[in-house]
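Enquirer: sequence plus the predicted model coming up.
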Amino acid sequence: MQLRRLTLFKKYVDMKQIIKIFFVAVMALFIGCSTAGNIKNIQDRDQVSQVRIGVTTQKDVYELFGEPTYRGTKPDGESWWAYYYPGSGEGASLSVDFDKDGRVKSYNYVP
């Protein structure tokens, strides 16, 4: 009787672990898909033309284009953001370099 209870308990624990793993996998899938949706369409030339060197801030760029696909910091302390929008054709990309004050230093847009 004791052995049977132990076996049932192990099956119950294994099932709980399987459910947890499944739940985590589903949540990771939803989180991954939701962050991809934060990237706004950078194929709109009017939006890109609003970026002004020395004037536009990181906050402005974020409001225009959403969460960057990639971001990083250079050894000198300046940061960069990169956007990639696959779209329905060849896609588009935008890379933005910021100075230490968080203003656009340079940018490159490829439609």
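Expert: Structure received. Computed from a prediction, not measured in an experiment: that's the story for all the values here.

Enquirer: how about Gly72: what's its closest non-neighbour residue?
Expert: Trp80 (5.6 Å; C-beta to C-beta, 6 or more residues apart in numbering). (Glycine included, C-beta is placed from N, CA and C.)

Enquirer: same check, this time on Asp99
Expert: Of all residues not flanking Asp99 in the chain, Lys105 sits nearest, at 4.6 Å (C-beta to C-beta, 6+ apart).

Enquirer: so who does that neighbour touch?
Expert: The neighbours of Lys105, taking C-beta atoms under 8 Å, 6 or more residues apart in numbering as the test, are Ile53, Gly54, Glu78, Asp97, Phe98, Asp99.

Enquirer: report the strands that pair with the helix or strand hosting the residue nearest to Gly72, each with its relative direction.
Expert: Trp80 belongs to strand 79-85 when assigned by DSSP states H and E. Each strand that pairs with strand 79-85, with its direction, by DSSP bridges: strand 70-73 (antiparallel), strand 92-98 (antiparallel).

Enquirer: okay, that strand in PDB with CA atoms only?
Expert: Below are the C-alpha coordinates for strand 79-85, written out as PDB (Å, rounded to 0.1, in the frame of the first residue of the first chain):
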ATOM      1  CA  SER A  79      24.600  54.300 -27.200                       C
ATOM      2  CA  TRP A  80      23.100  52.900 -30.400                       C
ATOM      3  CA  TRP A  81      19.700  51.500 -31.300                       C
ATOM      4  CA  ALA A  82      18.900  49.400 -34.400                       C
ATOM      5  CA  TYR A  83      15.500  48.700 -35.800                       C
ATOM      6  CA  TYR A  84      14.600  46.000 -38.400                       C
ATOM      7  CA  TYR A  85      11.200  45.800 -39.900                       C
END
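
Enquirer: pLDDT (mean, whole number) over it?
Expert: Here strand 79-85 scores 92 as its mean pLDDT.

Enquirer: can you list the buried residues in that strand?
Expert: Ser79, Trp80, Trp81, Tyr83, Tyr84, Tyr85 (16 or more other C-beta atoms under 10 Å).

Enquirer: let me know which of the strands paired with strand 79-85 is the nearest to Glu63.
Expert: Distance to Glu63, taken as C-beta to C-beta, is lowest for strand 92-98 among the strands paired with strand 79-85, at 13.0 Å.
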